[in-house]
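[1] generate a structure from the sequence data that follows.
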Amino acid sequence: MRTSPSRRRTVPDLLRSVVLALLAALVLTGTSTGPAQAADGDVTWTVRTAANGFGDDRSSFSYGVNPGGQVKDAMVVANHSGSPLRLALYASDGYTTEKGQLDLLTPEKKSVGIGAWVRATKDSVRIAPGRTAEIPFAVTVPRNATPGDYVGGILTSLKQSDDTEGIAVDRRLGIRIKLRVSGALKPTLAIENLHVDYHGTANPFGQGDATVTYTLHNTGNALLSGAQQVTLSGPFGTLNTRAGRIAAVPELLPGERWNVVVPVDDVTPAIRLTAEATVTPAITDAAGSTTSLKFVRATTTGWAVPWTLVLLVVVLLAAGAAVYLLRRRNRARRKQREDARVRDAVEQALQDRAEQRA
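    Predicted coordinates:
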């Protein structure tokens, strides 16, 4: 995004420009069965997979290739505008966003997988109004490529200047490419940095809430998703509390991490809590079938002290101690007064007897 130097920008203008740029940079990765479409006023184009030996109605590109191998395919671009359209063509690596969706790197960021291995026959294409163009491309896998899954996409890009806003908008539209390099597949998912925090309640006899956090790390070489479960328990496995439904893990690329925050309600403050997180990874094969793998489990402990109840007990003990000390002091004072009365009575009796003898 660049700002026109000839126009003074206000804060509302800048905010509006940022929003427009973000919306315009949205990438459609062909997840539906129909062609992906980009439209902005009179400029409209679509992309879809070409019909060939790989299939006639594919939602995305998917291949299995040996290290050092190559596969050729094509993408079809259609211009639905009333004027000629020139689009840039390039490939890019994919990554999982914080919302769990696939996005593709922008051209200025270096790609090391799909973006480096996919090459179209041309860097740009000019399409007449109402016409289509088939863009051949090749996926060439290096001989030293690590076996496993790679995800990226092949993109069309249209850069437009917005004189009103003083910005350059890059509108991108592409199709996802999933590639599995043959070799030993090692699907592995790890649970890291597991932590539990207990949040008490003002009710000394009530239950509180807890928050369990951890990071899922795809330490293998396969694309993985997974089902999650979190359980809290007290000493010796008592007072179990299971978290509600937890959203499934989005598909994580090898090396990616996913931060998880799980709220757990109605937790009994059992002084010491044990949190257990269980994740069952799932892997999808080339045919689209999903297989569940052996679950992964991790545990940690944390304090769950009912401080309101502890404070109440301390107050009651302090009050009991105060009553005891006050009663003890009163008894001591009564004894002192009684002893004084007896002493005075004895002295008075002795004095009276002495006077009688005199």
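[2] ranges for the helices of the stretch 1-150 of the chain?
    Assigned by DSSP state H, counting those that start in this stretch, the stretch 1-150 of the chain shows helices spanning 11-24, 114-117.
[3] comparing those helices by mean pLDDT, which bottoms out?
    The minimum mean pLDDT among the helices of the stretch 1-150 of the chain belongs to helix 11-24 (a mean of 39).
[4] surely G94 meets L252?
    No: if you go by C-beta atoms under 8 Å, G94 and L252 don't touch, sitting 11.3 Å apart. C-betas here are computed from N, CA, C, even on glycine.
[5] gap between G82 and T211?
    55 Å (C-beta to C-beta, to the nearest Å).
[6] the more surrounded of the two?
    For the pair G82 and T211, the greater number of neighbours falls to T211 (17 against 11), based on other C-beta atoms under 10 Å.
[7] does the more buried one touch D265 like I think?
    No: if you go by C-beta under 8 Å, T211 and D265 don't touch, sitting 10.5 Å apart.
[8] quick one: contacts for the spatially most central residue of the chain?
    The centroid of the chain falls nearest to N259 when counting by C-alpha atoms, centre = their mean (3.9 Å). Residues in contact with N259 (C-beta atoms under 8 Å, 6 or more residues apart in numbering) are T213, Y214, T215.
[9] phi first, then psi, for S289.
    phi -80, psi 140 (degrees, to the nearest 10).
[10] again with D344
    The phi/psi pair for D344 (degrees, to the nearest 10) is phi -70, psi -40.
[11] repeat that for R337.
    Main-chain dihedrals, R337, degrees, to the nearest 10: phi -70, psi -40.
[12] count of neighbours near it?
    Using other C-beta under 10 Å: R337 sits among 10 other residues.
[13] any figure for the gap between it and L325?
    19 Å.
[14] over to T140?
    89 Å.
[15] of these two, who's got more company?
    Set T140 next to L325 and count neighbours by other C-beta under 10 Å: T140 wins out with 15 against 10.
[16] so for the more buried one, what's the nearest residue that isn't a sequence neighbour?
    Q70 (4.7 Å; C-beta to C-beta, 6 or more residues apart in numbering).
[17] that older thread, top of the contacts of N259 by neighbour count?
    Neighbour max across the contacts of N259 (other C-beta under 10 Å) = Y214, 24 neighbours.
[18] helix, strand or coil for that one?
    strand (DSSP: H, G, I helix; E, B strand; the rest coil).
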